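Undergrad: Sequence and predicted structure are below.
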Amino acid sequence: MMLEGRPLEGRALEELKIFLASQDLNYDEGIEYSACILDDDYKIIAAGSVEENVLKCIAVDPHHLGEGLSGSVVSQLIQYEFEHGRSRLFLYTKPKNEELFKSLGFYTVFQTKSVLFMENEKQGFEKFIRAIQEITPIDAKDYGRIVGAIVANCNPFTLGHRYLIEEALKQCDYLHVFVLSDKRTFYGAEDRYQMVLKGTEDFNRVIVHQASDYMVSAATFPTYYLKEKTFANKANCEFDLEMFAEKIAPPLKITRRFVGTEPICRVTGSYNTAMKQILPEYGIEVIEIERKIQGEEVISASRVREAVKKGRFQDAERLVPETTWYYLIQKT
C-alpha cells in the first residue's frame, strides 16, 4: 500500500519521522512531497521524499531489502517530479548505494567518503562545464592568466554586488560570476541572472553564468542524512566547496575566489569561513573584499527586498544599479 502526502501531515508525518530516525536519517523541513510503502499492519517499510528537483530521505526497512521497494518509491517520486515539469533530477545518498541507484537510471556526479551526489542525466555535469567553456574567451583559458570566480545569489543584483565585481577585476584578468539557480528566492533564477547580465554589460572581462544545481542549491546542501544540525551545516559547506574545487575550478583554470565580508547573515558568514579553510588546500586563493557601505549600513540585497516589500521604492533605488532598478519597476 502506498501512502502519499504533499507533504505528509499529522500522525502520518510523525510516523515518517520515526521511520527515518530508525534509518539514521532526518526529515528535512524543505520537503514538499513524500511517498511511503506500508506493510499489512500499516507500518512504513520504505519511504522517499522530494524537495524541488531533488530526491531525498530514501530508505527501506532492512528486513525488506531485496524486495524492490526502493525502485517502487523512486518511480513514484520521479512520476511526481515529471508531473510538475521537472525532468532534471538529483539525489543524495550514501556511497554504498551507488549500484542500486545506477540501476534506477542515475549517474554519479561527485562523491566523498560519506556522500554520493547523483543525477538522472548522463554527462549532465560535463555538459554544464562545456557550456561555460564555450562562452569563455580563448584568452581566459591561457595558463598565464589569473582567473577568478564569484558565486552569488544576487537577489536582487545591487550596487554592492557590482562593487564586489569591480574590486575583483582589479585582482584578476578574467572573472567568472556564477548566479545561483536556487528557486527558493524572492526573485526567480532567470530574473536574477538577467539582472547580473545587464548590470555587468560594461565589464568586458566578466563572464556571467547560471550556476545550475551544482553550486549552493537544494541539491548541494542536503541535511537530512546528518543528525546533528551544527555538523550538518558544516558538512554542507564542505561538500559544496570540495565539489567546486575538484570539479568546477580546474577546467576553468580558476585560482581565486572572491567574496564580500558578511556582517549580517550568520549562515553566509559560516560558509565564507569554510571557504577560507578549504579552498586554499586546492590551490585556490580566497580574497575577502570589504562590503560597500551606504550611510552607516552595508548595501545588501535584503535591504532592497525589505524596501520593495514595504513600498519604499526610493530607498530601494539608491541601493541598485540603474539596470536593476528598471527591472524591479517592471516586476512590481
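TA: On my side now, so go ahead. Residues are numbered from 1 along each chain as shown.
Undergrad: going forward, measure contacts and count neighbours with C-alpha atoms only.
TA: Noted.
Undergrad: so Met195 makes contact with Thr158?
TA: No. In this structure, Met195 is not within contact of Thr158 by CA atoms under 8 Å, at 9.2 Å.
Undergrad: Centre of the chain to stretch 137-153, how far?
TA: Taking the mean of its C-alpha atoms, stretch 137-153 sits 21 Å from the chain's own mean (CA atoms, centre = their mean, to the nearest Å).
Undergrad: Stretch 163-173 now?
TA: The answer for stretch 163-173 is 24 Å, by CA atoms, centre = their mean.
Undergrad: can you check stretch 197-209 too?
TA: On CA atoms, centre = their mean, the centre of stretch 197-209 falls 22 Å from that of its chain.
Undergrad: For it, measure first residue to last.
TA: Distance between the two ends of stretch 197-209: 9 Å, counting by CA to CA, to the nearest Å.
Undergrad: now stretch 21-32
TA: 19 Å.
Undergrad: burial measure for Asp24, as a count.
TA: Neighbours of Asp24 under the rule other CA atoms under 10 Å: 13.
Undergrad: no wait, Glu14
TA: 13.
Undergrad: From the chain's centroid, how far away is the helix or strand that contains it?
TA: Using DSSP states H and E, Glu14 maps to helix 10-22. Distance of helix 10-22 from its chain centroid, counting by CA atoms, centre = their mean, is 27 Å.
Undergrad: Give the pairing partners of the next helix or strand after it; include direction for each.
TA: Note on helix 10-22: by DSSP H and E, the next helix or strand toward the C-terminus is strand 33-38. Using DSSP bridges, the strands paired with strand 33-38 in its sheet are strand 2-5 (antiparallel), strand 44-51 (antiparallel).
Undergrad: quick one: buried residues of strand 33-38?
TA: 33-37 (16 or more other CA atoms under 10 Å).
Undergrad: Could you give the average pLDDT over that strand?
TA: Averaged over strand 33-38, pLDDT sits at 97.
Undergrad: just stretch 240-257 next, same as before
TA: 95.
Undergrad: Just the terminal-to-terminal distance for that stretch.
TA: 14 Å.
Undergrad: Show residues contacting it.
TA: For stretch 240-257, the external contacting residues (CA atoms under 8 Å, 6 or more residues apart in numbering) are 110, 129, 133, 141, 143, 146-150, 215-216, 220-221, 275, 278-279, 282-287.
Undergrad: Give the buried residues for that stretch.
TA: So, applying 16+ other CA under 10 Å, buried residues of stretch 240-257: 240-245, 247-249, 252-257.
Undergrad: Figure out how far that stretch is from the centre of its chain.
TA: For stretch 240-257, the distance to the chain centre is 15 Å (CA atoms, centre = their mean).
Undergrad: picking up where we left off before, which one of the buried residues of strand 33-38 is nearest Phe203?
TA: Tyr33 (43.0 Å; CA to CA).
Undergrad: From Thr268, how far out is that closest one?
TA: 28 Å.
Undergrad: With His84 instead?
TA: 30 Å.
Undergrad: More neighbours: which of these two?
TA: Set side by side, His84 and Thr268 show more neighbours around Thr268, with 14 against 11, by other CA under 10 Å.
Undergrad: ok, and the closest non-adjacent residue to that one?
TA: Glu262 (6.7 Å; CA to CA, 6 or more residues apart in numbering).
Undergrad: Enumerate every residue touching the one you found.
TA: Here Glu262 is in contact with 268-269, 272, 291 (criterion: CA under 8 Å, 6+ apart).
Undergrad: Lys113: neighbouring residues, count only.
TA: 8.
Undergrad: More neighbours: Met195 and Thr158, which one.
TA: Higher neighbour count among Met195 and Thr158: Thr158, with 29 against 23, using other CA under 10 Å.
Undergrad: helix/strand/coil for Asp240?
TA: helix (DSSP: H, G, I helix; E, B strand; the rest coil).
Undergrad: Check the secondary structure at the residue nearest to Thr268 for me.
TA: coil.
Undergrad: Using PDB, list the CA coordinates for stretch 38-50.
TA: Output of stretch 38-50 as PDB, limited to C-alpha atoms (Å, rounded to 0.1, in the frame of the first residue of the first chain):
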ATOM      1  CA  LEU A  38       3.100   0.400   4.200                       C
ATOM      2  CA  ASP A  39       3.000  -3.300   5.200                       C
ATOM      3  CA  ASP A  40      -0.200  -5.200   6.100                       C
ATOM      4  CA  ASP A  41      -0.100  -3.600   9.600                       C
ATOM      5  CA  TYR A  42       0.100  -0.100   8.000                       C
ATOM      6  CA  LYS A  43       3.600   0.400   9.200                       C
ATOM      7  CA  ILE A  44       6.100   2.200   7.000                       C
ATOM      8  CA  ILE A  45       8.700  -0.100   5.500                       C
ATOM      9  CA  ALA A  46      10.000   2.100   2.700                       C
ATOM     10  CA  ALA A  47       9.900   5.900   2.000                       C
ATOM     11  CA  GLY A  48      11.200   8.700  -0.100                       C
ATOM     12  CA  SER A  49      10.700  12.400  -0.500                       C
ATOM     13  CA  VAL A  50      11.200  15.400  -2.800                       C
END
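Undergrad: Appreciated, that's everything.
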